[in-house]
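Chemist: Give me the fold of what follows.
(2 chains)
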Amino acid sequence: MDWFNNHLLTFIVFFPLVWGVIGLLIPTTSGSGVRIYKNYVLFGTLLTFLASLVMLDRFETYGEEFQFVESMSWIPRFGIQYLLGLDGVSLWLIILTTFLMPIVILGSFESVEKRQKEFYFLLLLLQTGMLGAFVALDLFLFYVFWELMLIPMYLLVGIWGGKQRIYAAMKFFIYTMVGSLLMLVAIFYLAHQHHLLFGNYSTAILDLYRVHIEGGSWLAPQSLLFLAFALAFAIKVPLFPLHTWLPDAHVQAPTAGSVILAGVLLKLGGYGMIRFAFPLFPEAVAQYQMVFIGLGAIAIVYGAWVAMIQPDMKKLVAYSSVSHMGYVIIGLFSLNAIGVTGSVYQMLNHGISTGGLFLLVGMIYERRHTREISDFGGITKVMPLFAVVFLIVTLSSVALPGTNGFVGEFLILLGTWKASPLFAIIAGTGVIFGAVYMLWMFQRVMFGEITHPQNKELKDLSLREKAVMLPLVIAIFAMGVFPNFFFKKMEPSVERFLSRSISRPIERYDESAYSNLNTKKDVNHGIAQSH
Amino acid sequence: MPSEWIALIPFFPLVGFLINGCWYLWGQNPVGKKAVDAKIAGAIASTFIFASFVVSLALFIQLGQLDESSRYFTQVLASWMSIGEFNINIGFRVDSLSTLFTLVITGVGTLIHIYSIGYMEHDEAPAKFFSYLNLFCFAMLVLVLGDSIPMTFFGWEGVGLCSYLLIGFWYTDMDKAIAGKKAFVANRVGDLGFLLGMFLIYTTYGTLNYSDLSQVVTEIPVTAMVVTSICLLLFVGCTGKSAQIPLYVWLPDAMAGPTPVSALIHAATMVTSGIYLVGRLNALFSMSPVAMSVIAWVGALTAFFAATIAIAQSDIKKVLAYSTVSQLGYMFLACGVGAFSTGIFHVITHAFFKALLFLGAGSVIHGMHHEQDMMKMGGLKSKMPQTFLVFVVGWLAICGIPPFSGFFSKDEILWKAFSSDHGSIGLYLMGAITAVMTAFYMSRMIYLTFFGEQRSDIKAHESPSVMVYPLFVLAALSFAGGWIGVPHMNWLEHWLLPVIPEEAPTSVSHSMEWVLMGLSVAGAAAGIFAARRVYQDLSLASELKQKFLKLHQILENKWYVDEVYESLFVQPIVRLSRWIWKVVDVQMIDGVVVGLGKLSMKTGQSLKVIQTGSIHVYAIMMLIGLLVTLGYVAYGLV
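Modeler: The predicted model follows:
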């Protein structure tokens, strides 16, 4: 118990992996063995969720900047540490991950038929990678987790995917990899600069925040480093025009892969911006602010327009992700508390609503083995409950007030309006087109007479499927009506993020100003020791 | 504590929604189960909305006992969104303006709920219907009770959702589903304007709370440009929700929904939200003469334009729909000339007589076994005497015949359009001509439906009493409702003073008012007699139709506005989207990505030529390399 208390984050991060490794010992040659195995995995992810709730409970809103810090020297020569810590932003992303995981596992119970053991093991491995990336406070460690996520995702798409799974998996892998490599170079550069300035190597993020790199122009070193980071994260988000891997990966991935991809992996792009790219390179952020807001606004409209005419439901949802993640980008680059809070919230919302949409599309795919919108019509008649759930998730996706989506979009647009009314107007048209593509799909799938005889026999949601969707539906309304519960916990973190990311050149040369900004002593202390 | 009752008003219908909604989902959805009686579901829904009415009435009475300056109650349940200094509460405010709306919504709402029990008796999912109806009332009540603009927006979008769901209630008919979507999307266009206006208010005044806003609006100096932008952006929202030019196109299509829905949502309550918003923020609007005249002219034009279309429609509900658009135009005309309380007055009387007319039409449709074409009706006077009776009341009210309610409010609007500082002869004339046209097309409807001989062999019957009794109540209100705003002893204007300040006294003499009043009564009478002349004997009507065939076609096809929008916005966007997807996305952007991959493959492929695997070749290569290096070194040394 003592170990658990002191290593809460390590426990949460590695528990899925350990649980998965032990699970490999369960014999799955018989049907009952498989059933036991699946429930075992589900139980494990529920335990992780429970542990993350313990974490939520112990998190002190106005406490240290990073809490539950664990630090251990790893490669001392280069100042690389095993350094974990949690703030108000990563807190919610962790909970999003642990919340979605049992849903995904339960949702896959009947859709995955081959190589079940490997499938669930990879999901657990993926979870460890994602959780680790959210709490790593050492850039090198972050990079390790960042790349660790790639492998299971690559295999999930490549083995359990659709017809063009190999192509999609390769594209996903290489595209993401290319982006990350530049980031790796930038990390080395930063560690080197730290060495030059302070006499020792370090990749700890709080140390690197103190490294000032010459900035101020479009191609200054700081700007180039920022772009190296931003590229990696923008590919992950994905930001227009780096998004083309996403529709392929989503369409080919199995439902679980799509949900995790949209629900959590994309969030790492936004999270990376918040934790690394912005606070490390504030002057570059100021330099490129309008460029990224512009790209984000284009992504919103572009994603919505392309989504509108997709014949395949899954592809439609994939392009809608491009649109929705555009909001996250413009909110972050608005550089004010309203926009940034909205962005973080939007990341959670998108995980829930798009995750929900992928699950629903998966459910109907399992029944009909097609995702073409034109193969449906009048489904409400045979699947009324499915239609209601679909409607609720759709409303969350079109940001109807009362659902979570509204809170995020409203704040982001308001924040963006403060930064640039013009781009807020452009982005705002997404409000219209978002309704168009979602309701048009909804209408063609759900309304009208049943024209395809195969659809007459469709069964409504099973008990298992209800259990999968219920938590999401509850989350949609709870987050729409009580967003303050979430905002409160992230408020200090957002404040700190802004104070670091808004470029104030004069203060940054002043060491004492820095230490005033940095209210947290403990982690610094810990880092100093490890040197 | 009266202020603690406020939340009960929206809370009751929310509970009703949940009960009926759950019941529908788990107890009576139509898959494999037999149809359910509408009576229980309807009784539940009606009870809850009636409970809201009782609370609303109690609060109204409480308000009446307060001084003018403190005539409001507020209630804050919790904070909704709070980030730093930005804070939006889940809060309600009942004052002299919102209390009127709550009374109309819950009062007329209750009648329509009861009526629906009869109207929906043969439907297979009545619980679903009633749950939506309750949900609508909840959203509508939040809209008018919200103490800040975002709360109003919450209701604003919420009623839009319910409108969408109820228009497409009979979803197996694709046309109805499409009409629902059209309504939602057209409203979303307006909502974007609303949102942006809200943002501009926040960045200008630093608050979105109504009571704070009414204070700072007078304190913070703002350029005319900004105020006008705010007002026009908000008005874009109003043109969506309240069906004004250019976004009115969804409302006529919205008649696809069940008729009680048309009465409640698309006539009496939801579509008047725009007038509510303008009235609520009248201090802001009054500061921008530009925005005011835009509102007045859009209103007047819409009133006129919609009336022309109404003349040539043969679907009984379509006539009423365009009539609603037209009447909403009157309300904006009033607001635009600064007569906000007159606009609100017309909202109230219109809610009575238009709900009556719609429900009357619903009764006709019900009695005619879902036939809506007036050309197949006729002579229903004797078959549906009670419906006929109430219909006549509604008809006289909308035509503006004294002392029916519509007379007072419409005449007041025309007078204000003429006499107010913001008004003009042009606005007055538009309004007056529209009034004559209104009398004409409404009389046309009466004659086609109730007089003459029936032009089909559908066996019409009178509706059950559960439908007829609510009609009697509405008929009484349509008859007498105008007395709350009789000129010169105007209770309504006085009551609204805390929210809507008194207008500047007019310089036009009051004898003129009597002249205009006489004129509008004469105009209405002329419209009625013209219609009587034409439609009593249909051969004259068809003769006229032949004579003005082109014009008739244009009007019948609604000036082809839908077609224009389709080819101007919808088709280009769809085509552009397809082009963006197929060309920009797949070929260009993804082409570059895939091209880069292919490029590296090609490079590897061409480089692999030198990897022959033959020792001899490698040896020669090494030799050449060695020589070159040696040569370079030697050369370099020299």
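Chemist: I'd like the mean pLDDT over the helix of greatest length in chain B, please.
Modeler: Determined from DSSP state H, the single longest helix within chain B is helix B:174-205. Helix B:174-205 shows a mean pLDDT of 93.
Chemist: Could you pull up the contacting residues of the residue in the stretch 101-250 of chain A that chain B sits nearest to?
Modeler: Per C-beta to the nearest C-beta, residue A:244 is where the stretch 101-250 of chain A lies closest to chain B, at 4.0 Å. In short, each C-beta sits where N, CA and C put it, glycine included. Listed by C-beta atoms under 8 Å, 6 or more residues apart in numbering or on different chains, the contact partners of residue A:244 are B:585, B:589, B:590, B:593.
Chemist: Kindly reformat these as a markdown table containing neighbour count.
Modeler: Formatted as a markdown table, those follow (neighbours: other C-beta atoms under 10 Å in any protein chain shown):
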| residue | neighbour count |
| --- | --- |
| B:585 | 23 |
| B:589 | 18 |
| B:590 | 18 |
| B:593 | 19 |
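Chemist: In JSON lines, list those residues along with secondary structure.
Modeler: Listed next are the contacts of residue A:244 as JSON lines, based on DSSP: H, G, I helix; E, B strand; the rest coil:
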{"residue": "B:585", "secondary structure": "helix"}
{"residue": "B:589", "secondary structure": "helix"}
{"residue": "B:590", "secondary structure": "helix"}
{"residue": "B:593", "secondary structure": "helix"}
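Chemist: Looking at those, which one is closest to chain A?
Modeler: Of all these, chain A sits closest to residue B:590, with 4.0 Å by C-beta to the nearest C-beta.
Chemist: Pop out the phi and psi values for the closest residue to the closest one other than its chain neighbours.
Modeler: In space, residue B:590 comes closest to residue A:244 once its chain neighbours are excluded; the distance is 4.0 Å by C-beta to C-beta, 6 or more residues apart in numbering or on different chains. Backbone torsions of residue A:244, given as degrees, to the nearest 10, read phi -70, psi -10.
Chemist: Send over the lowest-mean-pLDDT helix or strand in chain B as CSV, restricted to the C-alpha atoms.
Modeler: Ranking every helix and strand in chain B by mean pLDDT, DSSP states H and E puts helix B:538-547 at the bottom, with a mean of 82. Extracted in CSV, the C-alpha atoms of helix B:538-547 (Å, rounded to 0.1, in the frame of the first residue of the first chain):
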residue,chain,number,x,y,z
LEU,B,538,-65.0,29.5,-57.6
SER,B,539,-65.5,30.1,-61.3
LEU,B,540,-64.5,33.7,-60.8
ALA,B,541,-61.5,32.6,-58.9
SER,B,542,-60.3,30.4,-61.7
GLU,B,543,-61.0,33.0,-64.2
LEU,B,544,-58.8,35.4,-62.3
LYS,B,545,-56.2,32.7,-62.0
GLN,B,546,-56.1,32.3,-65.8
LYS,B,547,-55.9,36.0,-66.2
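Chemist: Only the buried residues of that helix, if you could.
Modeler: By neighbour count on 16 or more other C-beta atoms under 10 Å in any protein chain shown, the buried set for helix B:538-547 is B:538, B:541, B:545.
Chemist: Name the SS class of residue A:212, please.
Modeler: Assigned with three-state DSSP, residue A:212 falls in the coil class.
Chemist: Please enumerate the strands of chain B.
Modeler: For chain B, applying DSSP state E gives strands covering B:72-83, B:86-95.
Chemist: With mean pLDDT as new columns, can the ones you listed be given to me in JSON lines?
Modeler: Formatted as JSON lines, the strands of chain B follow (pLDDT from 0 to 100):
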{"stretch": "strand B:72-83", "mean pLDDT": "92"}
{"stretch": "strand B:86-95", "mean pLDDT": "93"}
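Chemist: Could you save those strands as JSON lines and add columns showing mean neighbour count?
Modeler: Shown next, in JSON lines, are the strands of chain B (neighbours: other C-beta under 10 Å):
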{"stretch": "strand B:72-83", "mean neighbour count": "18"}
{"stretch": "strand B:86-95", "mean neighbour count": "22"}
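Chemist: could you redo these as a markdown table and give each row distance to chain A?
Modeler: Converted to a markdown table, the strands of chain B look like this (distance: least, C-beta to the nearest C-beta, whole Å):
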| stretch | distance to chain A |
| --- | --- |
| strand B:72-83 | 5 |
| strand B:86-95 | 6 |
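Chemist: Specify the stretch among those strands that is closest to residue B:39.
Modeler: strand B:86-95 (32.5 Å; C-beta to C-beta).
Chemist: Report all helices and strands that the closest one contacts.
Modeler: Judged by 3 or more C-beta pairs under 8 Å, 6 or more residues apart in numbering or on different chains; DSSP states H and E, the packing partners of strand B:86-95 are helix B:38-64, strand B:72-83, helix B:126-145, helix B:149-167.
Chemist: can you put the ones you listed in TSV and add distance to residue A:75?
Modeler: Below are these laid out as TSV (distance: least, C-beta to C-beta, whole Å):
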stretch	distance to residue A:75
helix B:38-64	67
strand B:72-83	40
helix B:126-145	58
helix B:149-167	51
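Chemist: Quick check: which of the ones you listed is nearest to residue A:345?
Modeler: Ranking those by proximity to residue A:345 (C-beta to C-beta) places strand B:72-83 first, at 9.5 Å.
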